[in-house]
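Asks: The amino acid sequence is not available; the structure is as follows:
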């Protein structure tokens, strides 16, 4: 029985590229927060007490920090695997989603007590990040089920 390979639909490349950009920024933000700390936060959110925000981040329980890293790096690797049409994108993006829930769920349940840190875009961004992680996981599962991912 001769099976023809399934062509990748155009939306795979669009979703994969957007996912790579999105998760690439997440990885950049993670590295900059961990290496430049308050200086980076000050440059991104000048109206917020950056030293207080770093104290909050540095006080995360270890499981929150692990979740944050898993969400960020899993998202980046999953995006690359999606573009490579590799079926391992599914479990990796699933782990990224779990990491996002762990890291951001803690922040939603224990919000920082810094003026402006929970207002406007800062208030909705955790939900957006978790939502995007879920959508990428579901998208990868559907593409694997359609044999687009090998």
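Replies: Structure's in. What do you need? Just so we're clear, the structure is a prediction, and the values are computed from it rather than from any experiment.

Asks: Next SSE downstream of the longest helix belonging to the chain?
Replies: For the chain, the longest helix by residue count, based on DSSP state H, is helix 10-36. Proceeding N to C from helix 10-36, the next assigned helix or strand is helix 38-44, under DSSP states H and E.

Asks: which other residues reach that next one?
Replies: 29, 32, 33, 48, 50, 51, 53, 54 (Cβ atoms under 8 Å, 6 or more residues apart in numbering). Any C-beta I mention is one placed from the backbone N, CA and C, and that applies to glycine too.

Asks: what's the answer for stretch 58-77, then?
Replies: 19-20, 22-24, 26-27, 29-30, 92-93, 95-107, 129, 133, 136.

Asks: From the chain's centroid, how far away is it?
Replies: Mean C-alpha position of stretch 58-77 versus that of the full chain (Cα atoms, centre = their mean, to the nearest Å) differs by 9 Å.

Asks: hey, where'd the helices end up in the chain?
Replies: Using DSSP H, the helices found in the chain span residues 10-36, 38-44, 50-58, 62-83, 89-109, 121-145.

Asks: residues contacting residue 53?
Replies: Contacts of residue 53 (Cβ under 8 Å, 6+ apart): 38, 41, 45, 112, 114, 117.

Asks: how close does it get to residue 123?
Replies: Distance, residue 53 to residue 123, using Cβ to Cβ, to the nearest Å: 15 Å.

Asks: Could you do residue 117 as well?
Replies: Taken as Cβ to Cβ, the span from residue 117 to residue 123 is 9 Å.

Asks: Of the two, which one has the most company?
Replies: residue 117 (19 against 12; other Cβ atoms under 10 Å).

Asks: so what's that one closest to, chain neighbours aside?
Replies: Ranked by Cβ to Cβ, 6 or more residues apart in numbering and with sequence neighbours excluded, the top spatial neighbour of residue 117 is residue 48, at 5.4 Å.
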